[in-house]
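Undergrad: Generate coordinates for the sequence data below:
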Amino acid sequence: QPQLVESGGGLVQPGGSLRLSCAASGFSLAYYAIGWFRQAPGKEREGVSCISNRGAYTSYAESAKGRFTISRDNAKNTVYLQMNNLKPEDTAVYYCAADPSIAQRMCGMTYVYSYWGQGTQVTVSS
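TA: Presented below is the predicted three-dimensional model:
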């Protein structure tokens, strides 16, 4: 059974950094586009960043540009989201999702993804 497991969340002060990991089991992430999403209490799940299956494109939400970086290490079957200069409004549960092939213009849409992780909590607070 394909599974995605997120890790790396936690409590961090404003201006701090975290690196989230999305590890896959049961399938090779190398053949999948990966998206990072987040959901704050009372809000809809929103796209944060995504990367194509071969790294041909990366995409970021406006709120993430210049602060977050998505990358993949296919040898480790893991995708990362480096988050710098974190703000209180970044507080949310962060999810990764995977699908074999997604056009860049669609990669921020939740409904195009086949597999989802369980999420990891990120809290930015002083």
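Undergrad: need the contact list for the most centrally placed residue in the chain.
TA: Closest residue to the average C-alpha location of the chain: Trp36 at 2.2 Å, with CA atoms, centre = their mean. Taking CB atoms under 8 Å, 6 or more residues apart in numbering as the criterion, Trp36 is in contact with 20, 22, 47-50, 70, 79, 81, 94-97. Bear in mind the C-beta positions are built from the backbone N, C-alpha and C, glycine included.
Undergrad: So what sits opposite it in the bridge?
TA: With DSSP bridges as the criterion, the beta-bridge partners of Trp36 are Ser49, Cys96.
Undergrad: Against Pro100, how distant is it?
TA: 17 Å (CB to CB, to the nearest Å).
Undergrad: Same question for Thr78.
TA: When distances are taken as CB to CB, Thr78 and Pro100 turn out to be 18 Å apart.
Undergrad: Give me the more crowded residue out of these two.
TA: More neighbours sit around Thr78 than around the other of Thr78 and Pro100, counting by other CB atoms under 10 Å; the figures are 18 against 11.
Undergrad: Can you say which helix or strand has the nearest residue to the more buried one once chain neighbours are set aside in it?
TA: Of all residues beyond its chain neighbours, the one nearest Thr78 is Ala23 (4.9 Å), with distances taken as CB to CB, 6 or more residues apart in numbering. Ala23 belongs to strand 18-25 when assigned by DSSP states H and E.
Undergrad: list the buried ones in that strand?
TA: Leu18, Leu20, Ser21, Cys22, Ala23, Ala24 (16 or more other CB atoms under 10 Å).
Undergrad: residues contacting the closest residue to Asp90 other than its chain neighbours?
TA: Once flanking residues are discounted, Asp90 sits nearest to Val124: 5.1 Å by CB to CB, 6+ apart. Shown in contact with Val124 (CB under 8 Å, 6+ apart): Leu11, Val12, Gln13, Pro14, Gly16, Leu86, Lys87, Pro88, Glu89, Asp90, Thr91.
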